[in-house]
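Chemist: turn this into a structure:
(one chain, ligands or ions: 1)
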Amino acid sequence: MRISTPVSKFIIPLDVFERTFDELRKWGEKEFEGLVLWVGTTARSKAIIKDFVVPEADFWGGGVRISSGGMLKLAEDLSQRNLILLAQLHTHASDFGHSYGDEQHAASYRLGYVSIVVPNFAQEKHTDLSSCYVYGYVGNGKWNQLTKNQVARRFKIT
Ligand SMILES: [Zn+2]
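Modeler: As a prediction, the model looks like this:
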């Protein structure tokens with residue numbers, strides 16, 4: 001049976017997209033994985049990105065994840081601004097997708113939450129997500145990788 005991922009359409013302002021990748025690239029220049037969160041609102045089947053957040057992170061075995069302090073700050077910040085956490089992006093040193101740790105230590109496990117892995121420390125120029133690994137959380141600890149077609153259809157940079 002095919003599991004369809006409950007990822008809705010994502011609307012990403014170009015400015016947020018570019019600043020996100022600038023941030024990831026900066027970490028990559030120092031050979032650290034970078035982590036950036038996309039926050040915003042939802043309306044019917046649309047996720048509208050309003051801003052990006054660089055959380056307090058822990059670095060482990062060459063990887064990165066949000067720290068518990070970072071999680072607390074984020075929750076307070078989001079509730080004050082009436083925004084929700086919609087997606088996370090992090091980089092890998094080379095060209096591969098989710099690691100086991102990535103599946104176990106995401107910043108959210110809301111259905112439809114999206115995790116994006118940017119290859120090669122984000123050192124290449126990205127104008128869309130076509131060379132990234134994109135996963136939607138489908139529940140029960142499982143992530144579903146989106147096809148290139150699904151990514152192109154669902155993520156609109158405006
Ligand atoms: Zn990773």
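
Chemist: interface residues of the chain facing the ion?
Modeler: Selection of the chain residues close to the ion by Cβ under 5 Å from the ion yields 99, 102. For glycine as for every other residue, the C-beta is placed from the backbone atoms N, C-alpha and C.

Chemist: ranking helices and strands of the chain by mean pLDDT, which lands last?
Modeler: None of the helices or strands of the chain scores lower by mean pLDDT, DSSP states H and E than strand 57-60, at a mean of 87.

Chemist: so which elements touch it?
Modeler: With contacts taken as 3 or more Cβ pairs under 8 Å, 6 or more residues apart in numbering; DSSP states H and E, strand 57-60 sits against strand 63-66.

Chemist: who touches the strand it packs on?
Modeler: Residues outside strand 63-66 that contact it (Cβ atoms under 8 Å, 6 or more residues apart in numbering) are 32-35, 37, 55-58, 74, 88, 90, 99, 101-102, 105, 107.

Chemist: next, the buried residues of the following helix or strand past it.
Modeler: Note on strand 63-66: by DSSP states H and E, the next helix or strand toward the C-terminus is helix 68-81. Judged by neighbour count using 16 or more other Cβ atoms under 10 Å, the buried positions of helix 68-81 are 70-71, 74, 78.
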